[in-house]
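J.: Sequence first, then the predicted structure, then my questions.
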Amino acid sequence: MAHALIVIDMQNDFCPGGALAVAGGDQIVAPINDMMRDYDAVVLTQDWHPADHSSFAENHRDAQPFSVTQMPYGPQVLWPRHCVIGSEGADFHSGLRLDRADLVIRKGFRRQIDSYSAFFENDHETTTGLAGYLRDRGLTDLTLVGLAHDFCVAWSAIDAARLGFAVRVVESATRAIDLNGSRDQARTQMRQAGVVLA
Ligand code: VGL
Ligand code: ZN
C-alpha cells in the first residue's frame, strides 16, 4: 500500500486577496506543508484557464458571477475570472512547499469545458491522466486537502472513490466557498461515495 497526498488548487486566486478568494484559504498552507513529509508521493493540482474560458461570467452575455448556466455537459457555475494561464493569480501560494511535489497536474485548460476534479473534466468523461499516474506508481490510498472543499476537493474525492482508490479528505486542511449550501451538500455526497471525512 502506498499513500499519496493530493493538494488541490493552493493558488493565489483562491487565497485572500485573490480573484476567487476562499475565506481562510491561506491558513491551510502551513498544515499542508507539514503533512507532505508523511506520504509516499505528493501531487499538486493547478487550475489553469485560458482568458476566454467558458467558466468565466465575463465571457457570457449578461451573466453575473456565481450564477448558473447550462452547458452541453450540464449545469455550470459562472465564476469571476481566475487562475488565468501564466498570471500571478494562477501561481501557487508563495508559502507552499513546491519542492516536495512529485507531480503538478493542470486542469481547466480547454476553453469549452471546466474541470473541478483532478481526475475528470466536468463532463465526467474527459480524463486528466491522473488516475493512470497514480495506478502506475501503486498509489492506492489518497488523502486530499486544499481548495475549495466544496468544489475541486469534493469533485476530486468523489471521482477518486468511484475509480476505486481509498480516499480521505482532511477537512481541517480545506476551506469552502459555500455557495448556497454547497459545503453541506459536498459533505453528504462525499460520504455517499465512500470518502472518509477526517
Ligand atoms: C475551483 C471554482 C472554479 C476550485 C476552481 O478550485 O474549487 N472552484 N475553479
Ligand atoms: Zn477554475
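T.: Here it is on my side, so go on. Please read these numbers as outputs of a predicted model, since none were measured by experiment. Numbers count the residues shown, from 1 in each chain. Ligands and ions are numbered 1, 2, ... in the order given.
J.: Now do the helix ranked longest in the chain: everything it contacts.
T.: Longest helix in the chain, counting residues (DSSP state H): helix 182-192. Defining contact as CB atoms under 8 Å, 6 or more residues apart in numbering, one finds that helix 182-192 is touched by 149, 150, 151, 153, 154, 157, 158, 161, 169, 176, 177, 197. Backbone N, C-alpha and C define where each C-beta goes, glycine included.
J.: Could I get the CA-only coordinates of it as PDB?
T.: What follows is helix 182-192, C-alpha atoms only, in PDB (Å, rounded to 0.1, in the frame of the first residue of the first chain):
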ATOM      1  CA  SER A 182     -22.600  23.700  -1.300                       C
ATOM      2  CA  ARG A 183     -20.500  22.800   1.700                       C
ATOM      3  CA  ASP A 184     -23.100  20.600   3.400                       C
ATOM      4  CA  GLN A 185     -24.100  19.100   0.000                       C
ATOM      5  CA  ALA A 186     -20.500  18.300  -0.800                       C
ATOM      6  CA  ARG A 187     -20.000  16.600   2.600                       C
ATOM      7  CA  THR A 188     -23.100  14.400   2.100                       C
ATOM      8  CA  GLN A 189     -22.100  13.500  -1.500                       C
ATOM      9  CA  MET A 190     -18.600  12.600  -0.400                       C
ATOM     10  CA  ARG A 191     -19.800  10.400   2.400                       C
ATOM     11  CA  GLN A 192     -22.200   8.700   0.000                       C
END
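J.: Can you pull the phi/psi pair for the residue sitting nearest the centre point of the chain?
T.: Note on the chain: the residue nearest the mean C-alpha position is residue 152, at 3.1 Å, using CA atoms, centre = their mean. Per-residue torsions, residue 152: phi -70, psi -40 (degrees, to the nearest 10).
J.: Which parts of the protein are helices?
T.: So, for the chain - with DSSP H - the helices run 29-36, 130-136, 154-162, 182-192.
J.: what's the nearest residue to the residue of the chain found nearest ligand 2 if we skip its chain neighbours?
T.: Proximity of the chain to ligand 2 (CB to the ion) peaks at residue 47, 4.2 Å away. Leaving out its chain neighbours, the residue that sits closest to residue 47 by CB to CB, 6 or more residues apart in numbering is residue 83, at 4.0 Å.
J.: Which pair in the contacts of helix 182-192 has the greatest spatial separation?
T.: Using CB to CB, the contacts of helix 182-192 span at most 21.2 Å, a distance reached by 161 and 177.
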